[in-house]
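J.: Could you work out the structure for the sequence below:
(chains A and B)
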Amino acid sequence: AQKVTQAQTEISVVEKEDVTLDCVYETRDTTYYLFWYKQPPSGELVFLIRRNSFDEQNEISGRYSWNFQKSTSSFNFTITASQVVDSAVYFCALIAGGTSYGKLTFGQGTILTVHP
Amino acid sequence: DVKVTQSSRYLVKRTGEKVFLECVQDMDHENMFWYRQDPGLGLRLIYFSYDVKMKEKGDIPEGYSVSREKKERFSLILESASTNQTSMYLCASSSMPGQGSRETQYFGPGTRLLVL
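T.: Next up is the predicted model:
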């Protein structure tokens, strides 16, 4: 069975601070995919990034960066110079290679509040 | 751009009513999913479909049924709505697994259902 743990339930920062959202996953499959989604107050889940298990290269997209470490089964997400618009619930998720039809396993989500 | 639309953003129904939630995607995706999201419980998979007229139970199918008559449309049906089905319902779609980045699930805006 797969499991995704986001230990931080809520994080509160002041604008321009850097913030890291933690994600730890469990799977016995050697092929898997990891995702981050953002859910703003409007409710829609917005896809941010996808990583496969064979690619441990870190990725940067503007103020967003992701650190994938297989040795610690972690896929952490950092927002640099946070902004009020970053306030949302962020979900880490996993699809394992043996899972049929790409079923996602979600973490519980981290509520990020960025204060002006 | 991938677009997943849901028939209603907000819905209020009475206990015992039959409720239809509609989801349409325009990317010719094979897979479609229905989730519900509740505070403290995260996102839970209700049903999914990997092809027209095909369906599979997710983690919490009780009290729900689905219909997929056309590839682009996936309906969630509450046969007799109950108050414990008050929730946020999210639809998603994706391509077949093993097709690289097309495993990503794209979500609709969600339907907030209140059952009185």
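
J.: Quick one: residues contacting residue 17.
T.: Looking at chain A here, since you left the chain open. Residues in contact with residue A:17, defined by CB atoms under 8 Å, 6 or more residues apart in numbering or on different chains, are A:81-82, A:114. Backbone N, C-alpha and C define where each C-beta goes, glycine included.

J.: was after chain B, sorry
T.: Per CB under 8 Å, 6+ apart, neighbours of residue B:17: B:78, B:80-81, B:115.

J.: Relative to chain A, which of these is nearest.
T.: Nearest to chain A among the contacts of residue B:17, counting by CB to the nearest CB, is residue B:115 at 17.9 Å.

J.: ok so, going back, output the contacts of residue B:17 in JSON lines, with neighbour count, secondary structure and distance to chain A appended to each entry.
T.: Shown next, in JSON lines, are the contacts of residue B:17 (neighbours: other CB atoms under 10 Å in any protein chain shown; DSSP: H, G, I helix; E, B strand; the rest coil; distance: CB to the nearest CB, whole Å):
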{"residue": "B:78", "neighbour count": "19", "secondary structure": "strand", "distance to chain A": "19"}
{"residue": "B:80", "neighbour count": "11", "secondary structure": "coil", "distance to chain A": "26"}
{"residue": "B:81", "neighbour count": "21", "secondary structure": "coil", "distance to chain A": "20"}
{"residue": "B:115", "neighbour count": "19", "secondary structure": "strand", "distance to chain A": "18"}
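
J.: Among these, which pair sits farthest apart?
T.: Farthest pair in the contacts of residue B:17 (CB to CB) is B:80 and B:115. Separation: 10.2 Å.

J.: For the helix or strand bottoming out on mean pLDDT in chain A, which helices and strands make contact with it?
T.: Lowest by mean pLDDT, DSSP states H and E among the helices and strands of chain A is strand A:59-61, with a mean of 88. Under the contact criterion of 3 or more CB pairs under 8 Å, 6 or more residues apart in numbering or on different chains; DSSP states H and E, strand A:59-61 touches strand A:46-52, strand A:64-69.

J.: Tell me the bridge partners for the residue nearest the centre of chain B.
T.: For chain B, the residue nearest the mean C-alpha position is residue B:34 (2.5 Å; CA atoms, centre = their mean). Judged by DSSP bridges, the bridge partners of residue B:34 are residue B:47, residue B:91.

J.: Over to residue A:88?
T.: Note on residue A:88: beta-bridge partners by DSSP bridges are residue A:112.

J.: thinking again about what came up before, possible to save the contacts of residue B:17 as JSON lines with distance to residue B:27 and pLDDT?
T.: What follows is the contacts of residue B:17, written out as JSON lines (distance: CB to CB, whole Å; pLDDT from 0 to 100):
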{"residue": "B:78", "distance to residue B:27": "26", "pLDDT": "97"}
{"residue": "B:80", "distance to residue B:27": "33", "pLDDT": "96"}
{"residue": "B:81", "distance to residue B:27": "30", "pLDDT": "97"}
{"residue": "B:115", "distance to residue B:27": "31", "pLDDT": "97"}
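
J.: Now the terminal residues of stretch B:42-62, how far apart.
T.: By CA to CA, to the nearest Å, the extent of stretch B:42-62 from end to end equals 17 Å.

J.: no wait, stretch B:27-41
T.: Per CA to CA, stretch B:27-41 runs 30 Å from first to last residue.

J.: Pull the contacting residues for the residue nearest to the centre of chain B.
T.: Residue B:34 touches B:21, B:23, B:45-48, B:58, B:64, B:66, B:74, B:76, B:89-91, counting by CB under 8 Å, 6+ apart.
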